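# Fold the following.
(one chain, ligands or ions: 2)
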Amino acid sequence: MSIASSIPLSIVIPVYNEALNLPTLFARLYPVLDALGRRYEIIFTNDGSADRSIELLRAQYAARPDVTRVIDFNSNYGQHMAIMAAFERVRGEVIVTLDADLQNPPEEIPKLLAKMDAGHDYVGGYRLNRQDSWFRTYASKLINFVREQTTSIEMTDQGCMLRAYSRGVIDAIVRSGAINTFIPALAYSLSSNPAEVGVKHEERHAGVSNYSFYSLIRLNFDLITGFSLAPLQYFTMFAGACSAGSFVLVIVLALRRLIVGPEEGGLFTLFGILFFLVSVTMVGIGLIGEYVGRTYQVVRARQRYHVKEMLETK
Ligand code: UDP
Ligand code: MG
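Ligands and ions are numbered 1, 2, ... in the order given. The predicted structure follows:
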């Protein structure tokens, strides 16, 4: 292990259009970390922000070059890719992720570190008093339920990004070369002694969530199809049951024709059955497409993001 990789703590923060939040974040985060009495670094990834975020990060780097590192992406690659880029560069033995919008209070970091010190290799935060919209909260409960049914990942709150990881888990995540991934779930599946702690949750300090309805759906697809083949397997079973049912129906119709004679009125029933089966097939093709697309991305192994500039003191 190189000397560079032996500091105790790395904080990883993705930043996308957070100019209104960064000054408060800096003012609250640095004192918490300075008070810990351990060496640390903070890695901010500017994920192609269109506002003044990068200027603020530059100024912060100039003010605290001893502990600040900035990865500047050329464009927007998404929260998880921003975190991955930082994971590939961390020097800390313990790594903590948090959001830049102060929904995860920096004052809660010592709680996670205490759990890590107790010997866990992964500590997930769950939000004690979730301050999100009604819709977000319930959609997330539903996804939690689906995830519990389809994967072996146990997590009270997969949406909370305030989490701590051991270096071993982070190295394994980086080695996995994951592309569309849901980092908390991947970390869980690679950890051997996970734990959870309740953390406070605040309303977004300023600005609006960067997640549209569409990107939330995408993210949850990543969560379900990225960690299990269950959707494919359930679908195959369902399709199997459908074809068995249709086979029985064909026998019944054939016998009926022989015994009772040809029918006319049944035409639309047949259409109904046909349309149903066609739609089942379409869903199946879409589902297979999800996995094929994912396989394609991994096989293609194209550079996943482009770093325009790194601000760091060697
Ligand atoms: N973020 C990012 N790239 C994106 C979207 C979000 O780096 O494309 C960052 C954002 O700056 C914040 C974190 O990811 O630090 C969580 O984003 P947001 O608060 O919009 O999500 P929510 O809290 O609504 O889930
Ligand atoms: Mg947020």
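# quick one: terminal-to-terminal distance for stretch 79-94?
In stretch 79-94, first residue to last residue: 20 Å (C-alpha to C-alpha, to the nearest Å).
# starting at the chain centroid, how far to it?
From the chain centre to the centre of stretch 79-94 is a distance of 14 Å (C-alpha atoms, centre = their mean, to the nearest Å).
# Just the buried residues of it, please?
79-87, 89-94 (16 or more other C-beta atoms under 10 Å). Where C-beta positions appear, they are placed from N, C-alpha and C, glycine not excepted.
# just the strands in this protein please.
Assigned by DSSP state E, the chain shows strands spanning 7-15, 40-46, 68-73, 92-97, 122-127, 163-166, 194-199, 307-311.
# from memory residue 12 sits against residue 90, does it?
Yes - counting by C-beta atoms under 8 Å, residue 12 touches residue 90, with 6.9 Å between them.
# what residues are shared contacts of these two?
residue 43 (C-beta atoms under 8 Å, 6 or more residues apart in numbering).
# on that earlier part again, any idea which of the strands of the chain gets closest to ligand 1?
For those, the distance to ligand 1 is smallest for strand 7-15, at 3.2 Å, taking C-beta to the nearest ligand atom.
# do that closest one and ligand 1 meet?
Yes - applying C-beta under 6 Å from any ligand atom, one finds strand 7-15 in contact with ligand 1 at 14-15.
# what about the closest residue to ligand 2 within the stretch 201-314 of the chain, how many residues close to it?
The nearest approach of the stretch 201-314 of the chain to ligand 2 comes at residue 204, 5.1 Å away (C-beta to the ion). For residue 204, the count of nearby residues is 17 (other C-beta atoms under 10 Å).
# and what of residue 58?
Using other C-beta under 10 Å: residue 58 sits among 17 other residues.
# I figured it hits residue 64, correct?
No - applying C-beta under 8 Å as the test, residue 58 and residue 64 come out as separate, 11.7 Å apart.
# Flag every residue of the stretch 101-250 of the chain that's near ligand 2.
Residues of the stretch 101-250 of the chain lying near ligand 2 by C-beta under 5 Å from the ion: 101, 103.
# make it 8 Å
Selection of the stretch 101-250 of the chain residues close to ligand 2 by C-beta under 8 Å from the ion yields 101, 103, 204, 209-210.
# Pipe the residues you listed into a markdown table and attach pLDDT per row.
Shown next, in a markdown table, are those (pLDDT from 0 to 100):
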| residue | pLDDT |
| --- | --- |
| 101 | 94 |
| 103 | 93 |
| 204 | 88 |
| 209 | 84 |
| 210 | 81 |
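# Which pair of those spans the longest distance?
By the measure C-beta to C-beta, 103 and 210 form the most distant pair in those, at 11.7 Å.
# give me the low-pLDDT residue ranges for the stretch 51-200 of the chain?
180 (pLDDT under 70).
# List, one by one, the residues from it near ligand 1.
Applying C-beta under 6 Å from any ligand atom, we find that the stretch 51-200 of the chain lies next to ligand 1 at 76, 78-79, 82, 99-101, 103.
# The stretch 201-314 of the chain now?
Residues of the stretch 201-314 of the chain lying close to ligand 1 (C-beta under 6 Å from any ligand atom) are 209-211.
# Adding distance to residue 129 and neighbour count, write those residues out as CSV.
Formatted as CSV, these follow (distance: C-beta to C-beta, whole Å; neighbours: other C-beta atoms under 10 Å):
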residue, distance to residue 129, neighbour count
209, 18, 13
210, 22, 17
211, 20, 15
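# Dump those residues into a markdown table; add distance to residue 176 as well.
A markdown table is the format used below for those (distance: C-beta to C-beta, whole Å):
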| residue | distance to residue 176 |
| --- | --- |
| 209 | 28 |
| 210 | 25 |
| 211 | 24 |
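# Just the ones of these in helices?
Nothing among those maps onto helices, per DSSP state H.
# For residue 288, grab the count of nearby residues.
Residue 288, neighbours per other C-beta under 10 Å, totals 12.
# can you tell me which residues contact it?
Contacts of residue 288 (C-beta under 8 Å, 6+ apart): residue 232.
# again with residue 7
39-41, 91-93.
# mean confidence score for the longest helix along the chain?
Secondary structure of the chain read by DSSP H shows that its longest helix is helix 267-300. For helix 267-300, mean pLDDT rounds to 78.
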